[in-house]
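>>> just to be clear, the model below is a prediction. Sequence and coordinates:
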Amino acid sequence: MMNYKKVTKIGILVIGLILFSACGSKEKKEQEKQNQDHTEQGEQKQRNEKEGRPSIADLFAEMDSNEDGKLSKTEVKGPLQSDFSKIDSNNDGFIEEDELKNAPQPSGDQSQGRPPRNDKQLPSIEEVLSTMKDKQNDQLTISENNYILPVTGQVKTYDDRGKTLNNLKPGDPFYGQDGNYQKGQKMSYTDHGNGTVTDNVTRLMWAQDQSDDSKGWVEASEYCENLTLGGYSDWRLPTIKELWSIRNQSTGWPYVDTDYFHLVSEDGAEQRDQHTWSSNYYLVNTPESKKRVAFIVNDWTGHIKALDGRRYVRAVRGGLYGINDFVDNGNNTITDEATELMWSKTDSKKGMNWEDALAYAENSEYAGYSDWRLPNVKELQSIVEYSGVFPAIDTTYFDISKITNEAGNSDYPYFWTSTSAGSEKVSGMYFADYVAFGYAVDHSGEDIHGAGAVRFDTKVKDGPEPRNEERITNYVRLVRDAN
């Protein structure tokens, strides 16, 4: 029996947000900045905000495609590329954020290649919650294939340096990866030849193309509601879990099967062109959290992040997919009857590197079971709660350890998945995906991408490409097949 209490909670979020955007939203005035220094830099910052231009930090983050905290010449665009040597003040071949802040004004049109920020298209949290409250009686249709998880598509196995490992056996180092188990139903799509594609696993129908241009979040929902494609007019903005269902982790960059799902930029040259809006507004309302942002999926690098500005849209139609149905088994295990997965109620209570996380899961006899494994990225993302709770997990069922993060804030851990990340062609698969049930932080420990984000990091300390916000001692939540 479907847990309709859970359906109502998540359903209110999705339908409330979609109906909210159809009705339009009140524009909330930006709080005026106080005590502005009357320096040239301060005046330029005010002009940028007035004109909808990105801040230096935003510009830097969006160009930093591999998230290593520095920009190579291949990452920068437009006038920054031609002025690279002037900005690279220490001549190390990279531009760091401080160098970009102190750089002379670049020549040329700085607006090229970047959709402008449009924060006013994102309503306040208070407006979203108010609208949701008004929509509590809306009825939802749940997909008949609700939460059947497809495979990730990853069939190879890798060590912590990205080297491909063959013929791994139980007990071997690095055994227990996504590529060893390949859990989930095989991905299968039908191209109808009219701009639409059906996922034969989830039974969702997708627009084959992203929107022609970038849109603000409210505009994205209106675009879907006004779309007629393939003879259908009941398109909607997909939830984050629906968008995640078509992730393909086989080779990376891009992370969708481009035979069926077309991208705005086929070569990934413009990372922001691959950002696709979900209907999930970031509702965690705490002092450290960013407001007025919604979750996106990056079809190129495979991330989930909470962002503002203008992104692209891939419309979907069909019954709502991705509704959990948790049951507490009374023995420190939780079964999700929607996905038919059993989870450990408690976590590892300590962090560890990726190789140790795989071994921890393989050797566990938690609650009397010996067939636990480290979950793949689709499995672990399936238990993320995007309804505004913090941590981003249903704590009526799951226990989760507390930590103090890099900024000294009370927080919750990152959790490893068994799925390697990166690109076989570009960077190698020496990263692994993790899920942030607490804040997804920058190198200073401040929340930048939201609780519920999916990112990746090196698998071991001082790995092939360490990051400024490197946190490689992540926690583990065990999973096994329920049946």
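Ah, there it is. Residues are numbered from 1 along each chain as shown.

>>> next, the contact list for the residue most central in space within the chain, please.
Centroid-nearest residue in the chain: residue 304, 0.7 Å away (criterion: C-alpha atoms, centre = their mean). Neighbouring residues of residue 304 by C-beta atoms under 8 Å, 6 or more residues apart in numbering: 240, 244, 295-298, 381, 452-455. For glycine as for every other residue, the C-beta is placed from the backbone atoms N, C-alpha and C.

>>> for those residues, which one is nearest residue 371?
residue 381 (21.4 Å; C-beta to C-beta).

>>> residue boundaries of the helices in the stretch 251-400 of the chain?
Using DSSP state H, counting those that start in this stretch, the helices of the stretch 251-400 of the chain run over 354-363, 377-381.

>>> buried residues in the longest one?
Buried residues in helix 354-363, defined by neighbour count with 16 or more other C-beta atoms under 10 Å: 354-362.

>>> of the contacts of residue 304, which is the nearest to residue 314?
Nearest member of those to residue 314, counting by C-beta to C-beta, is residue 297, at 9.0 Å.

>>> that closest one: neighbouring residues, count only.
Residue 297 has 27 neighbouring residues, counting by other C-beta atoms under 10 Å.

>>> okay, the helices of the stretch 251-400 of the chain in JSON lines with distance to residue 211 and mean pLDDT next?
Formatted as JSON lines, these follow (distance: least, C-beta to C-beta, whole Å; pLDDT from 0 to 100):
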{"stretch": "helix 354-363", "distance to residue 211": "36", "mean pLDDT": "98"}
{"stretch": "helix 377-381", "distance to residue 211": "24", "mean pLDDT": "98"}
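
>>> out of the ones you listed, which gets nearest to residue 326?
helix 377-381 (14.3 Å).

>>> about what we covered before: which residues does the residue nearest to the centre of the chain bridge with?
residue 297, residue 454 (DSSP bridges).

>>> contacting residues for residue 367?
Contacts of residue 367 were listed using C-beta under 8 Å, 6+ apart, and they are 331-333, 344.

>>> apologies, that question was intended for residue 175.
So residue 175 contacts 157, 168-169, 358, 362 (C-beta under 8 Å, 6+ apart).

>>> let me have the helices of the stretch 251-400 of the chain in JSON lines, extended by distance to residue 286.
Output for these, formatted as JSON lines (distance: least, C-beta to C-beta, whole Å):
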{"stretch": "helix 354-363", "distance to residue 286": "28"}
{"stretch": "helix 377-381", "distance to residue 286": "22"}
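
>>> looking at the ones you listed, which is closest to residue 323?
helix 377-381 (14.1 Å).

>>> helix/strand/coil for residue 418?
strand (DSSP: H, G, I helix; E, B strand; the rest coil).

>>> whoops, residue 218 was the one
Strictly by three-state DSSP, residue 218 counts as helix.

>>> need the pLDDT of it.
Note on residue 218: pLDDT of 94.

>>> on that earlier part again, can I get the contacts of residue 175 in JSON lines with distance to residue 142?
Shown next, in JSON lines, are the contacts of residue 175 (distance: C-beta to C-beta, whole Å):
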{"residue": "157", "distance to residue 142": "36"}
{"residue": "168", "distance to residue 142": "39"}
{"residue": "169", "distance to residue 142": "41"}
{"residue": "358", "distance to residue 142": "35"}
{"residue": "362", "distance to residue 142": "35"}
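
>>> once you drop chain neighbours, what's closest to residue 406?
Computed as C-beta to C-beta, 6 or more residues apart in numbering, the closest residue to residue 406 that is not its neighbour in sequence is residue 445, at 3.0 Å.

>>> list the contacts for the one you found?
Counting by C-beta under 8 Å, 6+ apart, residue 445 has contacts 405-409, 411, 439.

>>> is residue 479 in a bridge, and if so with what?
residue 343, residue 373.

>>> go on, residue 423?
residue 428.

>>> and for the spatially closest residue to residue 60 that is not a sequence neighbour, the neighbour number?
Spatially, and ignoring its direct neighbours in sequence, residue 60 is nearest to residue 97 (4.9 Å; C-beta to C-beta, 6+ apart). For residue 97, the count of nearby residues is 18 (other C-beta under 10 Å).

>>> how about the contacts made by residue 97?
Here residue 97 is in contact with 56-57, 60, 69 (C-beta under 8 Å, 6+ apart).

>>> and for residue 386?
Here residue 386 is in contact with 10, 13, 239-241, 280, 283, 295, 392, 452 (criterion: C-beta under 8 Å, 6+ apart).

>>> and what of residue 184?
So residue 184 contacts 149-152, 376, 378-379 (C-beta under 8 Å, 6+ apart).

>>> now with 6 Å, please.
Counting by C-beta atoms under 6 Å, 6 or more residues apart in numbering, residue 184 touches 149-151.

>>> same check on residue 160?
Contacts of residue 160 by C-beta under 6 Å, 6+ apart are 355, 459-460.

>>> that one and residue 360, how far apart?
The spacing between residue 160 and residue 360, counted by C-beta to C-beta, to the nearest Å, is 15 Å.

>>> could you do residue 407 as well?
28 Å.

>>> what is the neighbour count of residue 424?
A count of neighbours around residue 424, defined by other C-beta under 10 Å, yields 16.

>>> not counting sequence-adjacent ones, nearest residue to it?
In space, residue 424 is closest to residue 251, 4.8 Å off (C-beta to C-beta, 6+ apart).

>>> hang on, that neighbour packs against residue 425?
No: Residue 251 is beyond contact range of residue 425, at 7.0 Å (criterion: C-beta atoms under 6 Å).

>>> just want to know which of these two has more residues nearby.
residue 251 (16 against 9).

>>> got a pLDDT number for that one?
93.

>>> quick one: it from residue 479, how far?
From residue 251 over to residue 479 (counting by C-beta to C-beta), the distance is 24 Å.

>>> and the strands in the stretch 201-350 of the chain, which stretches?
Listed in chain order, the strands of the stretch 201-350 of the chain (DSSP state E, counting those that start in this stretch) span 205-207, 275-281, 294-298, 304-307, 316-317, 326-328, 333-336, 341-344.

>>> what is the neighbour count of residue 371?
The burial count for residue 371: 12, using other C-beta under 10 Å.

>>> same check on residue 326?
17.

>>> find the nearest non-adjacent residue to it, please.
residue 397 (4.8 Å).

>>> for the one you found, what are its contacts?
326, 328, 334 are the contacts of residue 397 under C-beta under 6 Å, 6+ apart.

>>> go again with 10 Å.
324, 326-328, 334-336, 343, 345, 383, 385 (C-beta atoms under 10 Å, 6 or more residues apart in numbering).

>>> any idea how far residue 330 is from it?
12 Å.

>>> and what of residue 422?
41 Å.

>>> please apply the same query to residue 356.
Distance, residue 356 to residue 330, using C-beta to C-beta: 30 Å.

>>> now residue 406
Relative to residue 330, and taking C-beta to C-beta, residue 406 is found at 37 Å.

>>> okay, domains of the protein per the record?
55-113, 141-317, 326-481 (automatic domain parsing).

>>> and of these, who's closest to residue 124?
Across those, closest to residue 124 is domain 141-317 (C-beta to C-beta), at 6.4 Å.
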